[in-house]
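Engineer: below is the structure, and that's it, no one-letter string:
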């Protein structure tokens, strides 16, 4: 249940050897001119993700009420000192990540999942394995990831009670959700009413 945010994207864009790798895939000589332009569309959600939890929650809530898809379209010429420098600046925020709204959200989701996984493992190893594999719902980014995490959270909301009263039904639900996510990787992204 890892995640990628703008800081992680900046790390990837500035990793050593990226330009050499691009040259290699394109079959360009070392001295051939190379222009790399990265296209980004950060929105209010990405801004909120970098803020402290209280402020980030407010920005995210306000962004959620705003109509339509947002985001600022950016074309960053990464091969230039300015474009590369901007990504380096964002990469430098890595120590701040554990203090951000996004980190708090992701940690809460992980803790909820682990809190369900521990007692399940004691009771039913096969069901615990299925639940562990449901971490695949947390893949992707942006709204896709948010919907996958929301789906997982709904499943876990009354987990302990259902584990006690209807483990067989819980097991069927986990199996169906896992199968749907595997057969159609984007299937879990549909509204909850459209998939099991």
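Structural biologist: Nice, I can see it. No experiment lies behind these values; they were computed from the predicted model shown.
Engineer: tell me how far the closest residue to residue 133 other than its chain neighbours lies from residue 134.
Structural biologist: Among residues not flanking residue 133 along the chain, residue 178 sits closest, at 5.6 Å (C-beta to C-beta, 6 or more residues apart in numbering). Just so you know, the C-beta spots here come from the backbone N, C-alpha and C atoms, and that holds for glycine as well. Distance, residue 178 to residue 134, by C-beta to C-beta, to the nearest Å: 6 Å.
Engineer: who has more neighbours out of the two?
Structural biologist: residue 134 (22 against 18; other C-beta atoms under 10 Å).
Engineer: show me the contacts for the more buried one.
Structural biologist: 113, 152, 155, 174, 177, 178, 181 (C-beta atoms under 8 Å, 6 or more residues apart in numbering).
Engineer: kindly reformat these as TSV containing secondary structure and distance to residue 19.
Structural biologist: Below are the contacts of residue 134 laid out as TSV (DSSP: H, G, I helix; E, B strand; the rest coil; distance: C-beta to C-beta, whole Å):
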residue	secondary structure	distance to residue 19
113	helix	38
152	helix	38
155	helix	43
174	helix	44
177	helix	42
178	helix	40
181	helix	36
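Engineer: now these as CSV including distance to residue 31 and pLDDT?
Structural biologist: Converted to CSV, the contacts of residue 134 look like this (distance: C-beta to C-beta, whole Å; pLDDT from 0 to 100):
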residue, distance to residue 31, pLDDT
113, 51, 93
152, 50, 89
155, 55, 92
174, 56, 93
177, 53, 88
178, 51, 87
181, 47, 79
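Engineer: no further queries at this time; thank you.
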